[in-house]
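Novice: show me how the following folds:
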Amino acid sequence: MARRRSDAELRGLPDLARPGLEILFVGINPGLTSARVGHYYAGPGNLFWRCLHESGLTPTRWTWADDHRLLDLGIGIIDCVPRPTRSSSDLRAADFRTATPHLLERLARYRPRIVCFNGLTAYRACIDPAAPLGLQARRIAGAVVFVVPSTSAANARFSRAERVAWFVRLRELRDALRAGSGDRERLPPAGGRYTNGEPSGPRPVHPENLDAQRPRAPEPRSLALPERTPPRRAATRR
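Specialist: Below you'll find the predicted structure:
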């Protein structure tokens, strides 16, 4: 009988990705259950697979054992930090600093249409400390960036219905880009709070630099002053 590996002996999961995907999910790091079974989002109570199905991103309700099937739908998964832990709160700031260059290198290699961070933790730690949920004001390696609330069972801040609603927004974004729409009116807003389980706020709200190809912070709107038109001189009679 094979000896069960200790928690310290567990290793991260291989990337479930290939170049040209429509959506590439970025998780924080593998949980111990996922590391043991060798599949993504296998932890008890994680809502990832339920959110995928109820938002319309998968045709049926799949489980962690079906993770390889996502590639056929143009969807992939990678983790930001490879080290498995019991909880993402066990990670240190140094883990994210070390992981960031490798994460960016992989995103540049896979070049998905949309990069979706599962939870704000990794995105804030690696890219933008002040980021909101939803559509972000920057691209990474040409990809539109979207952030959904963490599907972890430990995330008590959002209900299942609220998390599904954010995945619906992600699907709307995918559908708009799939249709080749350059019309920003069809894109979901870049954040917002919930009222009765549904995202609220003005629609649409679009980042000023959505077309920027390199990650950078948007210009503060409060500093953008309108140019004044110089007064016209009266015509001189000759």
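
Novice: leaving out chain neighbours, which residue sits closest to residue 167?
Specialist: residue 55 (3.5 Å; Cβ to Cβ, 6 or more residues apart in numbering). Yep, even glycine has a C-beta here, placed from its N, CA and C like the rest.

Novice: now do residue 103
Specialist: residue 80 (5.4 Å).

Novice: in contact with the one you found, which residues?
Specialist: 26-29, 96, 99, 103, 122, 125-126 (Cβ atoms under 8 Å, 6 or more residues apart in numbering).

Novice: tell me the one of these nearest residue 133?
Specialist: residue 122 (13.2 Å; Cβ to Cβ).

Novice: identify the residue nearest that closest one in space, chain neighbours excluded?
Specialist: That would be residue 80: by Cβ to Cβ, 6+ apart, it lies 4.1 Å from residue 122.

Novice: what does residue 155 give?
Specialist: residue 149 (6.3 Å).

Novice: burial of the residue nearest to residue 167, as a residue count?
Specialist: 19 (other Cβ atoms under 10 Å).

Novice: and it, what does it touch?
Specialist: Residue 55 neighbours (Cβ under 8 Å, 6+ apart): 164, 167-168, 170-171.

Novice: most neighbours, which of those residues?
Specialist: That'd be residue 167 among the contacts of residue 55, by other Cβ under 10 Å, with 25 neighbours.

Novice: name all residues that make contact with that residue.
Specialist: Per Cβ under 8 Å, 6+ apart, neighbours of residue 167: 51-52, 54-55, 57, 148.

Novice: swap the cut-off to 7 Å and go again
Specialist: 51-52, 55, 57, 148 (Cβ atoms under 7 Å, 6 or more residues apart in numbering).

Novice: most neighbours, which of those?
Specialist: That'd be residue 52 among the contacts of residue 167, by other Cβ under 10 Å, with 26 neighbours.

Novice: okay, and the helix or strand of the protein with the least pLDDT?
Specialist: Least confident helix or strand, the chain: strand 194-195 with a mean of 30, by mean pLDDT, DSSP states H and E.

Novice: the residue nearest to residue 155 against residue 164, yeah?
Specialist: No - between residue 149 and residue 164 there is no contact under Cβ atoms under 7 Å: 10.1 Å.

Novice: for residue 138, give me the pLDDT.
Specialist: On pLDDT, residue 138 comes in at 89.

Novice: list of residues touching the host helix or strand of residue 125?
Specialist: Element membership for residue 125, per DSSP states H and E: helix 120-126. Helix 120-126 is contacted from outside by 26, 28, 80, 88, 96, 100, 103, 117, 131, 133, 147, 150, using Cβ under 7 Å, 6+ apart.

Novice: run the last query once more with 10 Å
Specialist: 26-29, 79-81, 88-89, 91, 93, 95-97, 99-101, 103-104, 115-117, 128-133, 136, 140, 145-150, 152, 155 (Cβ atoms under 10 Å, 6 or more residues apart in numbering).
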